[in-house]
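In: A structural model of the following input is requested.
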Amino acid sequence: MKYSIVIVTYERLELLQKCISEIRSQSPNTPIYVGINGSDSKSAQYLQNIPQVTCKSFNKRTPGEVRNALIQLVETPWICFLDDDVIVSESYFQKAESILEMKSLEIFGGPDTSYPNEESTETAISLALTSPLATAHSKKRHTVSNDFNPNAKEQDFILCNLWMKTSIFHKENNSFDERFFRNEENVLLNKLLSSGKTAHYYGDLFVHHKRKSNLISMSLTVMKSANFRAKSFLLFPESFQPIYLVPSLSFLFLIYSAFYPNLIALLAISTYISCLLYFSWKICKDSSRMNLFFQVVLVQIIINLSYGIGFISPPKSTK
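Out: Numbering: from 1, shown residues only. Presented below is the predicted three-dimensional model:
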């Protein structure tokens, strides 16, 4: 085999079963390495009965630590990183295998998109994530398209759908930063791309990703992502990008405007609302989901506020 699959899981057996089932349907003989991040006997028992699956249990730790341990077991030239709550799209591995023929390529990946039979809140989240107002450049992580970028940036990639050459880890001694509960792939990708690695983005190589079922859970996840993004900038200042300050500055400006209303604040808020309504309308219209218009509006507002708050919160420490 040219590739192996690495998955980290914990107490999401039903989603894991769907993930493994589709992998096995499309690529029956691919080695799969699953790390159980905590005490989860049900998942361990299920995985014992699946051929070509190597399962290893860990005491609770950061996902990066689990992935690093699993990577050491891989014997194939390529590693495909998937999450336990994804279902690969139709012909996913057939497309990936054709990409693997490119000898100079070292990293590639594509977006995630909505999960089959998801509820309206989950669909609204999936749609909102494709809005530039909610995710800026990172919207490419969540937008299925025919786009191809031979010089992809770290913002283009998402860890639930990422391919890397095994030699990046085994021969070059790279690893996921074990101080991060989230965004560890961004730290690694920044390092690798800065060193000149070749990375391609394929908008049609996508996975279906299970979204949060309620807005509170989504908000907390966004805050955690923002917090660890800020932590990455503190630890690696050379990776800092000013655009990540925009949600926090907007949040602080909103608080200031509440106490000191003025014309500039009114114009700024009016512009934001206009953009919010326009992008929500366009996204819902293009996807024929106008019934979710107000939910998509609300989700984008929550994403903006949550990211702004999370980014300026005290950085979380893992060690």
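
In: just checking, what packs against whichever helix or strand Met223 is part of?
Out: Using DSSP states H and E, Met223 sits in helix 215-235. Helix 215-235 sits against helix 184-194, helix 293-312, with contacts defined as 3 or more CB pairs under 8 Å, 6 or more residues apart in numbering; DSSP states H and E. Quick note: C-beta positions are derived from backbone N, CA and C, even for glycine.

In: need the ones you listed in JSON lines (columns: mean pLDDT, mean neighbour count and distance to Ala134).
Out: Below are the helices and strands packed on helix 215-235 laid out as JSON lines (pLDDT from 0 to 100; neighbours: other CB atoms under 10 Å; distance: least, CB to CB, whole Å):
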{"stretch": "helix 184-194", "mean pLDDT": "95", "mean neighbour count": "20", "distance to Ala134": "18"}
{"stretch": "helix 293-312", "mean pLDDT": "97", "mean neighbour count": "21", "distance to Ala134": "4"}
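
In: okay, buried residues for the helix holding Met223 please.
Out: 215, 218-219, 221-233 (16 or more other CB atoms under 10 Å).

In: please apply the same query to stretch 233-245.
Out: 233, 239, 244.

In: what comes into contact with it?
Out: 136-137, 179, 186-187, 190-191, 194, 226, 229-230, 232, 311, 315 (CB atoms under 8 Å, 6 or more residues apart in numbering).

In: what do you get if the cut-off is 7 Å, keeping everything else the same?
Out: For stretch 233-245, the external contacting residues (CB atoms under 7 Å, 6 or more residues apart in numbering) are 136, 187, 190, 229, 232, 311, 315.

In: picking up where we left off before, possible to save the buried residues of stretch 233-245 as a markdown table with pLDDT and distance to Gln17?
Out: Shown next, in a markdown table, are the buried residues of stretch 233-245 (pLDDT from 0 to 100; distance: CB to CB, whole Å):
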| residue | pLDDT | distance to Gln17 |
| --- | --- | --- |
| Phe233 | 93 | 38 |
| Ser239 | 90 | 37 |
| Tyr244 | 93 | 36 |
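
In: which of these sits closest to Thr271?
Out: Nearest to Thr271 among the buried residues of stretch 233-245 is Tyr244, at 20.2 Å by CB to CB.

In: what packs against the longest helix along the chain?
Out: Ordering each helix of the chain by length in residues (DSSP state H) puts helix 263-286 first. Under the contact criterion of 3 or more CB pairs under 7 Å, 6 or more residues apart in numbering; DSSP states H and E, helix 263-286 touches helix 132-135, helix 293-312.

In: before we move on, back to that, after the helix holding Met223 comes which helix or strand?
Out: Immediately after helix 215-235, counting by DSSP H and E, sits helix 246-259.
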